[in-house]
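Participant: Model the following, please.
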Amino acid sequence: MARAVAAALGYRHVDTGAMYRAVAWRVLQLGADLDAEEAVVAVARAAALEVDGSRVVIDGTDVSAAIRTPDIDRATTRVARLPRVRAELVARQRALAEQGPVVMRGATSGPSSFPPRR
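Facilitator: Okay, the predicted model is just below:
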């Protein structure tokens, strides 16, 4: 639905959940502990992360398909519950919103803090 709305309006579509999935994937690739907030936040901060439509790239690797697995589902749940990781990714989402019209879609375990765009 979000993708269709973005297309109809000519807006960019960003799957915010894919951001969490990509960070979880990268943490696993680096062998870091998914529950170590400091380590996961460091990965999230340092990562070159691109999410546009269905394409997801982290640190130069296209992980669009790799992040859609049961293992990444479980890892993402652990990453998304870390408050400082959430703060880092919400800051990135806000920066994306400042670049122009965007429809963001995602499911995470906390309240949204985006004000409506005017």
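Participant: so where's the chain shaky on pLDDT?
Facilitator: Across the chain, the ranges flagged by pLDDT under 70 are 2, 6-7, 100-103, 107-118.
Participant: Could you pull out the buried residues of the strand or helix carrying Ala18?
Facilitator: According to DSSP states H and E, Ala18 maps onto helix 16-30. Burial within helix 16-30, assessed by neighbour count using 16 or more other C-beta atoms under 10 Å, is assigned to 16-28. Heads up, the C-betas are built off the backbone N, CA and C, glycines and all.
Participant: nearest spatial neighbour of Leu49, skipping sequence neighbours?
Facilitator: The shortest distance from Leu49 to any non-neighbouring residue, by C-beta to C-beta, 6 or more residues apart in numbering, is to Ile58 (5.3 Å).
Participant: what's the neighbour count on the one you found?
Facilitator: Under the neighbour criterion other C-beta atoms under 10 Å, Ile58 is assigned a count of 24.
Participant: and what of Leu9?
Facilitator: If you count neighbours by other C-beta under 10 Å, Leu9 ends up with 12.
Participant: if I look at it, how far off is Arg3?
Facilitator: Note on Leu9: its distance to Arg3, by C-beta to C-beta, to the nearest Å, is 11 Å.
Participant: Ok, Ala42 next?
Facilitator: When C-beta to C-beta is applied, the distance between Ala42 and Arg3 equals 31 Å.
Participant: next one: Pro70
Facilitator: Noted for Pro70: a distance of 23 Å to Arg3, by C-beta to C-beta.
Participant: More neighbours: which of these two?
Facilitator: Set Pro70 next to Arg3 and count neighbours by other C-beta under 10 Å: Arg3 wins out with 13 against 7.
Participant: I appreciate the help and will end here.
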